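Asker: Pasted the sequence and its predicted model underneath.
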Amino acid sequence: MSDKKLFNLLSKYSNDIQNLAQVGAHQGQEIKIFENFNFEKIYLFEPFYKNTQIIEKKIENKLNYEVFEFALGNDNTKKEIYYSIENEGQSSSFLYPNLHKKVQPNINFHNKSLIKIKRFEDLEINNVNFLIMDVQGFELEVLKGFGTKIHGIDFIFTEVNRKYLYSGNVLIWELDKYLFKKGFVRTWTSWREANMPWGDAFYLRTSKISKGKEKLYLLRNLLLTNNLFFSLYRLIDLRVFVKSLMNLLRS
């Protein structure tokens with residue numbers, strides 16, 4: 001995730017943020033960002049015991065944090081997750097790795113773990129209005145699990161995909177459609193690079209912007225989320241050129 005953008009967004013909307021929830025907190029890398037603000041409560045969801053122990057050490061004596069050792073989804077159940085050993089689980093997903101194995105061949109998913117999943121709507125947590133998600137294609141299931149509590153959310157910062165890195169992962173235009181029906185519009189998007197079909201996006205509740213801006217965002221998202229745009233993007237993305245050059249020099 002883009003730490004710089006997350007910090008800027010939290011700064012911009014800090015006066016409007018009540019409580020914050022991060023789904024897929026990993027080892028609490030963003031805690032250093034959260035410490036710049038005085039949010040009343042910060043809820044961190046991370047299903048792996050080793051990671052929650054690291055988080056607990058980082059938030060020791062910080063009373064405004066709560067850590068939950070389970071994942072969020074649309075069912076209260078247990079489900080196998082494909083665990084990525086090489087990056088300490090950062091690429092782990094409930095969905096079978098698809099294109100991910102091609103774009104990052106150094107990451108393997110040989111291990112599986114049985115993970116507890118709960119619906120956010122069923123938790124005794126209220127007044128969360130800033131949501132962060134890093135759940136490797138499982139975003140739509142997490143959002144569905146919010147049920148009616150989605151109406152309390154004003155800001156969503158999430159990873160997004162434009163291709164199937166994992167089998168059946170939600171694609172960005174599908175996420176756009178679902179969240180627009182819930183009263184959100186995507187106002188910012190950043191892709192890792194033209195050859196990497198995942199990035200970060202920010203969704204804002206439409207009641208916080210004018211109708212004119214809402215329409216402009218919708219038009220921009222339509223124009224900049226299609227195959228023609230990404231074909232052109234690959235031609236001008238210097239990061240792709242530099243990577244290709246470095247690979248050529250190594251060979």
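Answerer: The structure has been received and is ready for your questions.

Asker: residues contacting the closest residue to Thr158 other than its chain neighbours?
Answerer: Nearest residue to Thr158 in three dimensions, chain neighbours excluded: Met133, at 4.0 Å (Cβ to Cβ, 6 or more residues apart in numbering). All C-beta atoms are positioned from the backbone trio N, CA, C, and that covers glycine. With contact set as Cβ atoms under 8 Å, 6 or more residues apart in numbering, Met133 has these partners: 22-24, 139, 142, 156-159.

Asker: which residues are contacting the host helix or strand of Leu218?
Answerer: Element membership for Leu218 (DSSP states H and E) is helix 211-223. Helix 211-223 has contacts (Cβ under 8 Å, 6+ apart) with 176, 180, 185-187, 189, 206, 209, 229.

Asker: Tell me which of those fall in strands.
Answerer: Among those, the ones falling in strands (DSSP state E) are 185-187, 189.

Asker: Enumerate every residue touching Asn111.
Answerer: Asn111 neighbours (Cβ under 8 Å, 6+ apart): 82-83, 85.

Asker: just checking, next helix/strand downstream of whichever helix or strand Leu143 is part of?
Answerer: In the assignment (DSSP H and E), Leu143 maps to helix 139-144. Per DSSP H and E, helix 139-144 leads on to strand 155-161 as the next helix or strand towards the C-terminus.

Asker: Which strands border that following strand, and is each parallel or antiparallel?
Answerer: Applying DSSP bridges to the sheet, strand 155-161 is found paired with strand 128-133 (parallel), strand 196-205 (antiparallel).

Asker: if we look at the last one, which residues are touching it?
Answerer: Residues from elsewhere that reach strand 196-205, judged by Cβ under 8 Å, 6+ apart: 1-2, 5, 9, 99, 103, 153-163, 165, 172, 175, 179, 183-192.

Asker: how does it look with 6 Å?
Answerer: 1-2, 154, 156-163, 179, 183-184, 186-192 (Cβ atoms under 6 Å, 6 or more residues apart in numbering).

Asker: Can I have the buried ones of the residues you listed as a ChimeraX selection?
Answerer: In ChimeraX, this line selects whichever of the contacts of strand 196-205 come out buried by 16 or more other Cβ atoms under 10 Å:
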select :1,2,154,156,157,158,159,160,161,162,163,179,183,184,186,187,189,191
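
Asker: Where does the prediction get shaky in the stretch 1-150 of the chain?
Answerer: 1 (pLDDT under 70).

Asker: rerun at 50
Answerer: Within the stretch 1-150 of the chain, the set of residues satisfying pLDDT under 50 is empty.

Asker: Could I get the full set of strands for it?
Answerer: Applying DSSP state E, counting those that start in this stretch to the stretch 1-150 of the chain gives strands spanning 19-23, 42-45, 65-68, 71-72, 77-83, 111-118, 128-133.

Asker: Please identify the most buried of these.
Answerer: For those, average neighbour numbers computed from mean count of other Cβ atoms under 10 Å are highest in strand 71-72, which has a mean of 26.
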